[in-house]
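> Model the following, please.
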Amino acid sequence: SVLLPAQTLLVSLPHSREHEVEADRIGIILASEACYDPRAAKRVFSRMKEDVGGGGDEGSDDGRNGSSSSSLQPPEFISTHPGYDTRLTLFDMWMPEAMERFNKDGGNKCRAIRGEMKRARRLAAEIHDGKEGRKR
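Below you'll find the predicted structure:
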């Protein structure tokens, strides 16, 4: 029946994209609360966009793989996820709140956590190097 594809296109896909947008927003806020730099999300999605050939304008040919970015990604209206440009724009919109959370209390909480993680990585590397030295 023609109604099922129409229902998917007109109802299910936009609803799915709304969930993905909500998940992106929640993720960036939770990451900032957990002392992960929320600006990294935008860098990751920018890289993903470049990797699929969308480094320039939507639909432009960047010369990689002999195809345009529009041939590598479906149009947003038939996708379950928002497009990269949409996500990048939304990250810009959410970034002030995320950065405020990341830097609350003058950034002391996150600075302390980053210091503890740096010490933990250093200790883990020393332990690992010590074990590697004994294997030889």
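
> quick one: pLDDT of Glu58?
pLDDT, Glu58: 43.

> likewise the one 5 residues further on?
Gly63 is assigned a pLDDT of 39 by the prediction.

> and if you look at Arg122?
On the pLDDT scale, Arg122 is placed at 96.

> Name the SS class of it, please.
The three-state assignment at Arg122 reads helix, by DSSP: H, G, I helix; E, B strand; the rest coil.

> Which SSE is immediately downstream of the least confident helix or strand in the chain by mean pLDDT?
The weakest-scoring helix or strand in the chain, judged by mean pLDDT, DSSP states H and E, is helix 69-72 (a mean of 52). As assigned by DSSP states H and E, the chain's next helix or strand after helix 69-72 is helix 84-102.

> Show me what that next one is packed against.
On a contact count with 3 or more CB pairs under 8 Å, 6 or more residues apart in numbering; DSSP states H and E, helix 84-102 meets helix 13-33, helix 39-51. Heads up, the C-betas are built off the backbone N, CA and C, glycines and all.

> what bits of this structure have low per-residue confidence?
1-15, 54-71, 133-136 (pLDDT under 70).

> Perfect, that will be all.
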